[in-house]
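Engineer: Pasted the sequence and its predicted model underneath.
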Amino acid sequence: MKYFLLLSFSFIFLFCNTQKVRPKINSGLNVVELPAQESWNTTISFTDSGKIQAIMKVGHLRMFSKRQETLIDGYQHVDFYNPSEKKTTTLTSLRGRVDDATKDLYAFENVVAVNDSGMKLESEMLMWRNKDQKIVTDKFVTITTPTEKIQGYGFESDQHLQNYKIYKIIYVTTSDSLR
């Protein structure tokens, strides 16, 4: 038994090493590019003086403090509200970005905005400008209403899609052609 204990302690001392084990560090990893916050299936409310302006639901959100931007992946669904807090417009897309300095919202890929009057706007990119609360793009757009369909390049509207203009119209058809 004495030899067994001596042999056991010998093995312990033999295999124990005082040298500290250091983990491998990925030198290619840039810590500056890691998000400060990250969340999934998130709902964000935008308010002004206690009144709801918009409610945004996103699939995957990554906030970058140093770059002052928030990236959105998975899906983006934004409901815009009028001053009476009635929902007037819904915007959806597959990706998005928020400029945290200006609070401008960008929507990318399969962007669709629909207002409560039945007007539908489709594009590959839209921007909601916070300073004047307008929806704008210089990309191709398709607008479909109950009475017409318009396609063109460049678009500007209020966030409720009630007063809009297309800068370069290339196609217009009326309700008779839509039936």
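Structural biologist: Sure thing, it's come through. Residues are numbered from 1 along each chain as shown.

Engineer: Need the pLDDT of K24.
Structural biologist: Here the pLDDT value assigned to K24 is 74.

Engineer: for the one 10 residues further on, same thing?
Structural biologist: Per-residue confidence at L34 stands at 86 (pLDDT).

Engineer: for it, what are its contacts?
Structural biologist: Counting by C-beta atoms under 8 Å, 6 or more residues apart in numbering, L34 makes contact with nothing. Every C-beta, even on glycine, is put in place using the N, C-alpha and C of the backbone.

Engineer: Start and end of stretch 132-152, how far apart?
Structural biologist: 23 Å (C-alpha to C-alpha, to the nearest Å).

Engineer: roughly how far out does it sit from the chain middle?
Structural biologist: Its chain's C-alpha centre and that of stretch 132-152 lie 20 Å apart, by C-alpha atoms, centre = their mean, to the nearest Å.

Engineer: How about stretch 78-97?
Structural biologist: Centroid separation between stretch 78-97 and its chain, computed with C-alpha atoms, centre = their mean, is 13 Å.

Engineer: same question, stretch 108-116
Structural biologist: With C-alpha atoms, centre = their mean, you get 13 Å for stretch 108-116.

Engineer: With stretch 91-111 instead?
Structural biologist: Per C-alpha atoms, centre = their mean, the centroid offset for stretch 91-111 relative to its chain is 5 Å.

Engineer: now stretch 112-127
Structural biologist: Counting by C-alpha atoms, centre = their mean, stretch 112-127 comes out at 16 Å from the chain centroid.

Engineer: Tell me where the model's unsure across this protein.
Structural biologist: 1-21, 27-32, 176-179 (pLDDT under 70).

Engineer: Show me where it has its strands.
Structural biologist: Under the criterion DSSP state E, the chain contains strands at 37-48, 51-64, 69-81, 87-93, 95-99, 104-115, 120-129, 134-144, 148-158, 164-174.

Engineer: With mean neighbour count and distance to N26 as extra columns, can I get those strands in a markdown table?
Structural biologist: Shown next, in a markdown table, are these (neighbours: other C-beta atoms under 10 Å; distance: least, C-beta to C-beta, whole Å):
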| stretch | mean neighbour count | distance to N26 |
| --- | --- | --- |
| strand 37-48 | 12 | 19 |
| strand 51-64 | 17 | 19 |
| strand 69-81 | 19 | 22 |
| strand 87-93 | 20 | 33 |
| strand 95-99 | 21 | 27 |
| strand 104-115 | 19 | 30 |
| strand 120-129 | 19 | 34 |
| strand 134-144 | 18 | 38 |
| strand 148-158 | 18 | 44 |
| strand 164-174 | 13 | 48 |
